[in-house]
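**Q** Next comes the sequence, and after it the predicted model I'd like to discuss.
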Amino acid sequence: MQVRELIVSSFRSLISNKRRSILTMIGIIIGIASVITILSLGDGARIEMLKNLQADSSGQQSTEITFSPSNDAKVSGFNNDDLARIRANAKVSKVTVQSDDHGILSSKGTINGKSLKASVYLATTANDSEIITGHGLKATDISMDNPVALVSQSIAKKGYRTNRNALNSGIEINGTMYTIVGIINNNAVKGEFYNYDVVVPRHVFENSNATVNANTLKLTFVSGTNISKATTDIKDQLNKIGSQHASGSYEFFDTAAMLKGITAVIKGITYFIVAVASISLFIAGIGVMNMMYIAVSERTQEIGIRMAVGASQKQILWQFLIEAVMLTLSGGMIGYLAGLGIAMGISAFLPFKASVSLSTFLLAFGTSTVVGLVFGILPAKTASNKNLIDILR
């Protein structure tokens, strides 16, 4: 028998037992649909996470370098020379300095003609903590962008000798003049370990300072840059010739390495769930084997007739094996489409879209074929090993 004849004969045999074939296919459909749904959602979640953590909407990637002083001195980790060197890097599209996660940065200024370096807390809400004299920042100061400030006792004493003299006087921070409305404790702390000397409304400070000195440097890279290597090179350069390399260390937290770990965890969880879902494929394979054994038993006379007219054992084996593969492959393709539909439907209610790739299609196709071959080979061998004389008897 030719290959085409084998396929046509196998198809007709499956069609002649539609109900049994469909019921057998259900297990394959459920198994493949479960696997495809899980893989599509897992890949979608992983891709969305990588996109959000590693790149912005334009495809540019950002990292941060922080400066940690070697002692308790309040110094600025970056100056204009540092920024100029980094901006000369062709891989860097943007460089900005910013306050740390607690809204605190180091800044230069003057008070009553005397220069100073201060740790500035940028307030976004009313602030009256650690007040000794005067009053704190009010909600109206924040909302109306009033240039007012709170200063520590030591700064007030440096500029005006006494707290009373400092009240309603001026302090210049990074080129902007603020009116002192309150005096705070010298040991004012934000968070656990972050001391500050001056409190000003954040919006006022940021509006009047295009470039500020701070201990956190944000780097934005052009698309396609190896951000881990590029940032590490910049960090090493700063530790050698940075403005404060002798007063502390410049550090870079490699998010790419973290992302690799997170990706590995997500993949591991996805594959584990897939392995659990694949149990249904094994059960479905047993059903295919059972159906093929029944088919071999019911079609003993057909096998005898084919052998009598010259069909070889190999042709008989391939006929039944092709039937099993056609059955599982049909169920696999239906399960693939069902899995995609389910994944798309679920992702409509999630903050990410299911990811559909060629690999999922190849997985469905390959798995279905393998199940048909593995669970169809024994019934096919049983059919091909039947003895013509025993059949005729």
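**A** Perfect, thanks for sending it. Numbers count the residues shown, from 1 in each chain.
**Q** Now do the longest helix seen in the chain, average pLDDT.
**A** Longest helix in the chain, counting residues (DSSP state H): helix 18-54. The average pLDDT within helix 18-54 is 80.
**Q** Now do the buried residues in it.
**A** Of the residues in helix 18-54, 21, 24-25, 27-48, 50 count as buried by neighbour count, 16 or more other CB atoms under 10 Å. C-beta coordinates here come from the backbone N, C-alpha and C atoms, glycine included.
**Q** Same question for stretch 64-73.
**A** Buried residues in stretch 64-73, counted by 16+ other CB under 10 Å: 65, 66, 67, 69.
**Q** contacting residues for the second one?
**A** In this structure, residue 66 makes contact with 77, 100, 215, 216, 217, 250, 251, 252, 253, judged by CB atoms under 8 Å, 6 or more residues apart in numbering.
**Q** Dump the residues you listed into TSV; add neighbour count as well.
**A** Below are the contacts of residue 66 laid out as TSV (neighbours: other CB atoms under 10 Å):
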residue	neighbour count
77	27
100	17
215	25
216	18
217	25
250	23
251	13
252	20
253	11
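**Q** Do a quick rundown of the helices in the stretch 251-393 of the chain.
**A** Counting by DSSP state H, counting those that start in this stretch, the stretch 251-393 of the chain has helices at residues 255-277, 279-298, 300-308, 313-347, 358-384, 388-392.
**Q** Which of the ones you listed comes out lowest on mean pLDDT?
**A** Ranked by mean pLDDT, the helices of the stretch 251-393 of the chain end with helix 388-392 at the bottom, a mean of 63.
**Q** quick one: average pLDDT of the helix or strand following the longest helix of the chain?
**A** Using DSSP states H and E, the helix or strand that follows helix 18-54 in sequence is strand 61-69. Predicted confidence along strand 61-69 averages 78 (mean pLDDT).
**Q** so how far is strand 61-69 off the chain centroid?
**A** Relative to its parent chain, strand 61-69 has a centroid offset of 21 Å by CA atoms, centre = their mean, to the nearest Å.
**Q** Just give the number of residues close to the closest residue to residue 314 other than its chain neighbours.
**A** Leaving aside its chain neighbours, residue 314 sits nearest to residue 384 (7.0 Å; criterion: CB to CB, 6 or more residues apart in numbering). Look at residue 384: counted by other CB atoms under 10 Å, it has 21 neighbours.
**Q** wait, doesn't residue 384 sit right on residue 313?
**A** Yes. The pair residue 384 / residue 313 is scored as a contact, 4.2 Å apart, by CB atoms under 8 Å.
**Q** any common contacting residues for those two?
**A** The contact sets of residue 384 and residue 313 do not overlap (CB under 8 Å, 6+ apart).
**Q** Filter the contacts of residue 66 down to the ones in strands?
**A** The strands, defined by DSSP state E, take in 216, 217, 250, 251, 252 from these.
**Q** Touching, the second one and residue 64? I think so.
**A** If I follow you right, that is residue 217. Yes. Between residue 217 and residue 64 there is a contact at 6.6 Å, judged by CB under 8 Å.
**Q** Give me the below-cutoff pLDDT ranges for the stretch 51-200 of the chain.
**A** Applying pLDDT under 70 to the stretch 51-200 of the chain flags the ranges 51-60, 71-76, 96-102, 189-194.
**Q** could you pull out the strands for it?
**A** 61-69, 92-98, 104-111, 114-123, 131-134, 148-152, 170-173, 176-184, 189-190, 194-195, 198-201 (DSSP state E, counting those that start in this stretch).
**Q** quick one on the thing from earlier: just the contacts of residue 66 now: which is nearest residue 14?
**A** residue 253 (59.0 Å; CB to CB).
**Q** how about the nearest residue to the closest one, chain neighbours excluded?
**A** residue 64 (7.3 Å).
**Q** Quickly note the distance from the one you found to residue 236.
**A** Per CB to CB, to the nearest Å, residue 64 is found 16 Å from residue 236.
**Q** so who does the residue nearest to residue 292 when sequence neighbours are not counted touch?
**A** Of all residues beyond its chain neighbours, the one nearest residue 292 is residue 379 (3.5 Å), with distances taken as CB to CB, 6+ apart. Neighbouring residues of residue 379 by CB under 8 Å, 6+ apart: 289, 292, 293, 295, 296, 320, 324.
**Q** Surely the second one is in contact with residue 376?
**A** Yes. Counting by CB under 8 Å, residue 376 is a contact partner of residue 292 at 5.6 Å.
**Q** Mutual contacts of those two, please.
**A** 320, 323, 324.
**Q** quick check, nearest of those to residue 361?
**A** Of these, the one sitting nearest to residue 361 (CB to CB) turns out to be residue 324, at 21.1 Å.
**Q** Assess the claim that that closest one and residue 292 are in contact.
**A** Yes. Taking CB under 8 Å as the definition, residue 324 is a contact partner of residue 292 at 5.4 Å.
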